[in-house]
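>>> Got a sequence here, can you model it:
(one chain, ligands or ions: 1)
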Amino acid sequence: MCGIFGYTGSNVANNLIFDGLKRLEYRGYDSWGIAILKENKIHQYKNIGLVKKDKDLEKLPDAKIGIGHTRWATHGGVKKVNAHPHISTEKDFTIVQNGMVENFDSLKKQLLKQKAIFKSETDTEVIVKLVEKEVRSGKSLKQSLITSFKKLEGRNTIAILDSKQNKIYAIKNGSPLVVGLSKDGIYLASDSLSFSPYTKKIVVLDDYDMVEIEGKNISIFNIKTNRKKKPEIKTLKYQYEEIDKGKYDHFMLKEIVEQQKTINYATEYTLEELKPLLEAIRRSKKAYILGAGTAGFAAGQIGYFLRTIAGIDAQDVKSYEFRSYLPIITSKDLIIAVSQSGETADTIEPLEILKKKGCKIASFVNMFGTTISRMSDYEYYTNAGPEICVASTKVFTAQSAWGYLLAMSLAGKHTTAHRRLKLLTKSLNSLFTPSSFDYLKRMCGVLKKSEHMFILGKGENSFIALEGALKIKEISYKHVEGFFAGELKHGVIALIEKGTPVFGIIPDDHKDNENKDIISAIEQVKARGALTIGIGSEQYSKLKIFDYFIPTPQINSLSSIANVIPFQLVSYFLSLQLGNNIDKPRNLAKSVTVK
Ligand code: G6P
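Okay, here's the model as predicted:
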């Protein structure tokens, strides 16, 4: 949440910061701002809404140094005055922040008593005022930043443009910050993807690292240990020149179609590469799989595969609900963290506690050099490439497919898993034909009239029902609930009225009694007038109980991974017809780095 970008070097900072913020928009997009430094004078531009150019932005003089920010509001509404950067009274420094000052209230009260004047409602301005106070007492800006930062509670990362010394300072805690080293200068950002076109050489900062950037030089000092640190330079495996939509109108559709490749990229791991983790799982007493949001549902899917295919005692846990498991988790248990961004605060918090308990941590992350992968004893990557649409699609199937590979490898069927996964990706083509899209569009024309929809899944498709519902609600803003089909007669059925859309996921590789349960659930809602939609094995399309049917490829226990794709497509086409912002749905952020 919130994106930070900074640059100093020989190129024009204005354009680089603007382009960087466009790439960081997924982290928050309610407002944004840029500050550049020209001849020791700070010039600022702020606006509400998406990052785009206008006459006032063009009026900023070209500069070689500056910082920028995309905001996801926490303290204070979406107003220009609350957008970052927040400049000091003397206009000698300006600050951007990613995170949340948890003791904001008490700090602000103290500052108000000392007659500080606030223009915005943000917690960031509290930091500005704290720093000003220290500067007034005679400290250097650097020392003032350190003293003030130590007073902040919560996960906070800040970047400061210093007009007097022509420098950028930044301090990291919790929220991510990466430095990019390029021939033309130094980049500073919340993720390495945002400066990917310019360099592959990065320095990942640790908590409480303060980086001082002057021209093309950086120095790092840890404010907790009071020690200078030699920058540890890493080279990224991939560099993305362009992150664009290609022939698609939206990143979402591009990313949905890409699943024909990304499922394979995530599961290219050889037995040799997986071996350390396989052995750790075998050695462990129990495997806990943690994740939040879509990654939480992928954790459910991975747990299902580990239990049913490999007989492993595996339990998925929503990372934000891990506390009740703390009394029973011991150092003999293994933790598998699943995350697209690798920066989700809800997931990092339990990992920090469990690491202290002595648990080994494995992670499956999409972004490189992130907090979660750096905390891990066993580091694995989705390799799905940048996922820009806020709603996760290709990373979910990558995570689930990796769980399948893991389980099959533990069961001694690594080669079979690779063969089936290849077969699956080849057969996904049937979901992306013009006639399949036309059918879905027609169906969405009917669905858009309903405010409530339900999705029923069972066994391997239980979590697909939950993820399918999340996908549709995230972008269409419709009320969609996914349920384990068994819940129907225990309550859900009371909500069914004439015309209520109910999806039933019905694969052909389930044990007969499981499919019988789904069929009888659909019969029961149909009898109460529901509009029924089947997703799964084509053989059931002939049943009279379904008003619509979307056949999916059925490859052994992999059909669940195929079954989620029609929900992604329904989410896309429905939201398109509703005229919603598909890649940047309201109120959401792709990387949730605050609690
Ligand atoms: C947010 C995003 C979701 C994502 C979740 C967990 O809610 O909007 O798409 O699933 O965070 O994020 P992670 O990066 O840990 O997968």
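
>>> Which SSE is immediately downstream of whichever strand or helix holds residue 417?
Assigning secondary structure by DSSP states H and E places residue 417 in helix 414-427. Note on helix 414-427: by DSSP H and E, the next helix or strand toward the C-terminus is helix 434-447.

>>> quick one: contacts of that next one?
430, 453, 478, 501, 531, 533, 548, 550, 566, 569-570, 573-574, 576-577 (C-beta atoms under 8 Å, 6 or more residues apart in numbering). From N, CA and C alone the C-beta is placed, and that goes for glycine too.

>>> Please indicate which of those residues are buried?
With burial judged by 16 or more other C-beta atoms under 10 Å, the buried subset of these is 453, 478, 501, 531, 533, 548, 550, 566, 569-570, 573-574, 576.

>>> if we can go back for a sec, can you tell me which two in the contacts of helix 434-447 are farthest apart?
430 and 478 (26.3 Å; C-beta to C-beta).

>>> Stretch 259-277 near the ligand at all?
No: Stretch 259-277 is not in contact with the ligand by C-beta under 6 Å from any ligand atom; minimum separation 13.6 Å.

>>> Show me which residues of that stretch are buried.
259-260, 262-267, 269, 274, 277.

>>> The residues you listed into CSV, with extra columns for distance to residue 81, pLDDT and secondary structure?
Compiled in CSV, these are given as follows (distance: C-beta to C-beta, whole Å; pLDDT from 0 to 100; DSSP: H, G, I helix; E, B strand; the rest coil):
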residue, distance to residue 81, pLDDT, secondary structure
259, 42, 97, helix
260, 46, 96, helix
262, 42, 96, helix
263, 46, 97, helix
264, 49, 96, helix
265, 44, 95, helix
266, 44, 96, helix
267, 49, 97, coil
269, 50, 96, coil
274, 52, 98, helix
277, 49, 98, helix
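
>>> and the helix holding residue 417, how far out from the chain's middle?
Distance of helix 414-427 from its chain centroid, counting by C-alpha atoms, centre = their mean, to the nearest Å, is 27 Å.

>>> hmm, back to that, farthest-separated two in the buried residues of stretch 259-277?
260 and 277 (26.2 Å).

>>> and residue 223, how many neighbours?
18 (other C-beta atoms under 10 Å).

>>> cool, and the one 10 residues further on?
By other C-beta under 10 Å, 11 other residues sit near residue 233.

>>> From here on, call the first residue 622.
Got it, first residue is 622 now, which makes that one residue 854.

>>> Bridged to it, which residues?
For residue 854, the beta-bridge partners under DSSP bridges are residue 824.

>>> what's near enough to touch it?
Residue 854 sits in contact with 802, 822-824, where contact means C-beta under 8 Å, 6+ apart.

>>> out of the residues you listed, who's nearest the ligand?
Using C-beta to the nearest ligand atom, the shortest approach to the ligand within the contacts of residue 854 belongs to residue 823, at 18.9 Å.

>>> and the closest one, what does it touch?
By C-beta under 8 Å, 6+ apart, residue 823 lies in contact with 799-802, 813, 854-857, 990.

>>> Let me see the confidence value for it.
pLDDT, residue 823: 94.

>>> for the stretch 822-971 of the chain, which spans come out with low pLDDT?
860, 862-863 (pLDDT under 70).

>>> Up against the ligand, what does it have?
Counting by C-beta under 6 Å from any ligand atom, the stretch 822-971 of the chain sits next to the ligand at 913-916, 960-962, 965, 968.

>>> Report the two of those residues separated the most.
Spatial extent of those (C-beta to C-beta) is set by the pair 915 and 968 at 12.2 Å.

>>> Mutual contacts of these two, please.
By C-beta under 8 Å, 6+ apart, no residue touches both residue 915 and residue 968.

>>> the more surrounded of these two?
Under the neighbour definition other C-beta under 10 Å, residue 915 and residue 968 were set side by side, and residue 968 has more, 29 against 23.

>>> mind checking the SS state of the more buried one?
Following DSSP: H, G, I helix; E, B strand; the rest coil, we place residue 968 in the helix state.

>>> Would you confirm that it contacts residue 991?
No: Residue 968 sits out of contact with residue 991 when judged by C-beta atoms under 8 Å, with a separation of 10.7 Å.

>>> For residue 1109, which residues are in contact?
Applying C-beta under 8 Å, 6+ apart, the residues near residue 1109 are 1077, 1142, 1145-1146.

>>> Keep only those of the residues you listed that are in strands.
Those of these mapping onto strands are residue 1077, per DSSP state E.

>>> which element follows the helix or strand of the chain at the bottom of the mean pLDDT ranking toward the C-terminus?
Ranked by mean pLDDT, DSSP states H and E, the weakest helix or strand in the chain is helix 1133-1148, scoring a mean of 87. Later in the chain than helix 1133-1148, the nearest helix or strand by DSSP H and E is strand 1152-1157.

>>> model confidence over that next one, on average?
97.

>>> Hey, what's the angle from it to helix 1133-1148? Just curious.
Using axes from the mean of the first three to the mean of the last three C-alpha atoms, to 10 degrees, the inter-axis angle of strand 1152-1157 relative to helix 1133-1148 is 160 degrees.

>>> Paired strands for strand 1152-1157, with orientation please.
Strand 1152-1157 has these strand partners (DSSP bridges): strand 1122-1127 (parallel), strand 1169-1172 (parallel).

>>> Which one, of those, ends up nearest to residue 770?
strand 1122-1127 (49.4 Å).

>>> how far off helix 1055-1068 does that closest one point, in degrees?
Interaxial angle of strand 1122-1127 relative to helix 1055-1068 (the same axes, to 10 degrees): 140 degrees.

>>> what about dumping the CA coordinates of strand 1122-1127 to PDB?
Taking Å, rounded to 0.1, in the frame of the first residue of the first chain, the C-alpha atoms of strand 1122-1127 are listed here in PDB:
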ATOM      1  CA  PRO A1122     -27.600 -17.100  -9.700                       C
ATOM      2  CA  VAL A1123     -25.900 -20.200  -8.200                       C
ATOM      3  CA  PHE A1124     -22.700 -21.700  -9.600                       C
ATOM      4  CA  GLY A1125     -22.000 -25.300  -9.000                       C
ATOM      5  CA  ILE A1126     -18.500 -26.700  -9.600                       C
ATOM      6  CA  ILE A1127     -18.700 -30.200 -10.800                       C
END
